[in-house]
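sequence and predicted structure below; questions after.
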Amino acid sequence: MFFYKIMPVFDLLAAAAILFGPLLPTDPVRLAGTYLIGKGIFFVLISKDIASAFDFIIGLYAISIAYLHFYNIFLSLIAVVFLLQKSTFAIAA
């Protein structure tokens, strides 16, 4: 039960890392991407949830921000809105 309340907080931190990706050092953005990829793979294998597949894709985007310096404000806003919406519903539940 603890993980279901702490993961939305990590999603919020990942959203902030993606939004401010070019301004942050590589490590926070890389950690956010790694967290989202791991969580996405785990929950896709467990529950076959489409939202978890989006977590995986957003994690790949975060890794591309960190290592390839690929930053697109439109893609970042879509990712941040998705993560904010998902974490808000999870915290409220």
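Good, I have the coordinates.

which elements pack onto the lengthiest helix in the chain?
The residue-count maximum for a helix in the chain (DSSP state H) belongs to helix 26-47. Where contact means 3 or more CB pairs under 8 Å, 6 or more residues apart in numbering; DSSP states H and E, helix 26-47 is packed against helix 2-19, helix 50-68. Using the backbone N, CA and C atoms, a C-beta is placed for each residue, glycine as well.

what residues sit buried inside it?
Applying a neighbour-count criterion of 16 or more other CB atoms under 10 Å, one finds 28-33, 35-37, 39-40, 43-44 buried in helix 26-47.

re the thing from before, most neighbours per residue, which of the helices and strands packed on helix 26-47?
helix 50-68 (a mean of 18; mean count of other CB atoms under 10 Å).

which other residues reach it?
Defining contact as CB atoms under 8 Å, 6 or more residues apart in numbering, one finds that helix 50-68 is touched by 14, 17-18, 21-22, 26, 29-30, 32-44, 70-71, 75-76, 79, 82-83, 86.

what about 6 Å?
18, 21, 26, 29-30, 32-33, 36-37, 39-40, 43-44, 70-71, 79 (CB atoms under 6 Å, 6 or more residues apart in numbering).

then stretch 23-40?
Under CB under 6 Å, 6+ apart, the answer for stretch 23-40 is 10, 14, 17, 21, 52, 55-56, 58-59, 62-63, 65-66.

which among those gets closest to A90?
Each of the contacts of stretch 23-40 was scored against A90 by CB to CB, and F10 proved nearest at 10.6 Å.

any idea how far I46 is from that closest one?
As judged by CB to CB, to the nearest Å, F10 and I46 stand 17 Å apart.

do G40 as well
For G40, the distance to I46 - CB to CB - is 11 Å.

and what of N72?
Taking CB to CB, one finds N72 at 31 Å from I46.

quick one on the thing from earlier: turn the buried residues of helix 26-47 into CSV, columns for distance to I91.
Below are the buried residues of helix 26-47 laid out as CSV (distance: CB to CB, whole Å):
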residue, distance to I91
P28, 21
V29, 23
R30, 25
L31, 21
A32, 18
G33, 22
Y35, 17
L36, 17
I37, 22
K39, 16
G40, 19
F43, 17
V44, 22
